[in-house]
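Enquirer: what's the 3D shape of this:
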Amino acid sequence: MEIVIEYQLSNSCGDRIIKLINKSIQEAEKNPLPTNTKEGHRFLDVNEFSYIKFKKVLITKFQDKDYSFYYQLIIHRIKVLLLQSEMNEEFGFKYKNHNTLIKTYGEQFESNWWYITENKIPVNNKLLSIIIYADSTTCDHLGKTSEHSIYISLRNIPNWQQNKLNAKVLVGYLLKLKAKDNTTRNSESF
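Expert: Okay, the predicted model is just below:
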């Protein structure tokens with residue numbers, strides 16, 4: 001199931017992958033895969049996994065509609081980033097100085113800020129630079145709504161890895177406030 005979700009494959013393509021894997025497994029009772037992707041989605045919908053479950057906090061009520069913030073604990077999401085073995089081999093935890101006359105910075109851990117901050121923290125501690133950013137997206141699991149997804153990433157990750165899927169994790173969603181009409185949308189209360 002994970003390959004289908006990560007690479008956004010269609011159900012029919014996911015079904016073909018599952019069928020191919022099932023053919024290669026001799027003993028059916030040892031097969032951990034569902035028979036098809038729809039069955040896999042149903043399995044994920046009815047089971048509660050604490051590591052993918054969002055908490056919900058009511059932020060406001062506007063025109064008889066509740067607006068909530070859906071989130072996961074940031075510390076748990078940082079652990080997800082730090083535990084990815086192929087990425088954390090490349091992490092920059094120490095200041096790097098290239099001893100050039102002209103300073104150009106490609107990585108945050110090559111900057112003067114990093115050098116100064118690193119020297120202020122206790123010995124044997126590491127600097128972890130966290131980026132929090134938002135993006136607008138459509139969420140099927142929240143009822144086909146358009147929301148602002150909030151992600152975190154680490155500047156310890158080199159630039160060439162920053163845009164890879166495993167270089168960021170979802171922390172939460174901020175619901176977009178919706179107005180019933182243009183007058184409301186242009187009002188001060190909106």
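
Enquirer: Might you list the low-confidence residue ranges for this protein?
Expert: Scanning the chain with the threshold set as pLDDT under 70 gives 1-9, 25-32, 41, 43-52, 98-105, 137-146.

Enquirer: Return the list of helices and strands in contact with the longest helix along it.
Expert: For the chain, the helix that runs over the most residues, judged by DSSP state H, is helix 11-24. If you count contacts as 3 or more Cβ pairs under 8 Å, 6 or more residues apart in numbering; DSSP states H and E, helix 11-24 packs onto helix 2-6, helix 37-46. No exception for glycine: its C-beta is placed from N, CA and C like everyone else's.

Enquirer: Note down every partner strand of whichever helix or strand comes after the last one and its orientation.
Expert: Scanning the chain past helix 37-46 towards its C-terminal end, the next helix or strand to appear is strand 55-62 (assignment: DSSP states H and E). The sheet places strand 55-62 alongside strand 65-71 (antiparallel), with pairing taken from DSSP bridges.

Enquirer: Restricting to C-alpha, output the strand it pairs with in PDB.
Expert: This file holds the C-alpha atoms of strand 65-71, laid out as PDB (Å, rounded to 0.1, in the frame of the first residue of the first chain):
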ATOM      1  CA  LYS A  65     -19.600  26.100  10.600                       C
ATOM      2  CA  ASP A  66     -16.800  24.800  12.900                       C
ATOM      3  CA  TYR A  67     -13.200  25.500  11.800                       C
ATOM      4  CA  SER A  68     -10.700  23.200  13.300                       C
ATOM      5  CA  PHE A  69      -6.900  22.700  13.200                       C
ATOM      6  CA  TYR A  70      -5.900  19.200  12.500                       C
ATOM      7  CA  TYR A  71      -2.400  18.400  13.700                       C
END
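
Enquirer: and the next helix or strand after it, C-alpha only, in CSV?
Expert: Next helix or strand after strand 65-71 toward the C-terminus (DSSP H and E): helix 74-82. Below are the C-alpha coordinates for helix 74-82, written out as CSV (Å, rounded to 0.1, in the frame of the first residue of the first chain):
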residue,chain,number,x,y,z
ILE,A,74,5.8,18.2,15.9
ILE,A,75,8.3,16.3,18.0
HIS,A,76,7.0,13.0,16.5
ARG,A,77,7.2,14.4,13.0
ILE,A,78,10.8,15.5,13.6
LYS,A,79,11.7,12.0,14.7
VAL,A,80,10.3,10.7,11.4
LEU,A,81,12.7,12.9,9.6
LEU,A,82,15.7,12.0,11.8
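
Enquirer: Tell me which helix or strand the residue most central in space within the chain sits in.
Expert: In the chain, the C-alpha nearest the mean C-alpha coordinate belongs to V169, at 2.0 Å (Cα atoms, centre = their mean). V169 belongs to strand 168-175 when assigned by DSSP H and E.
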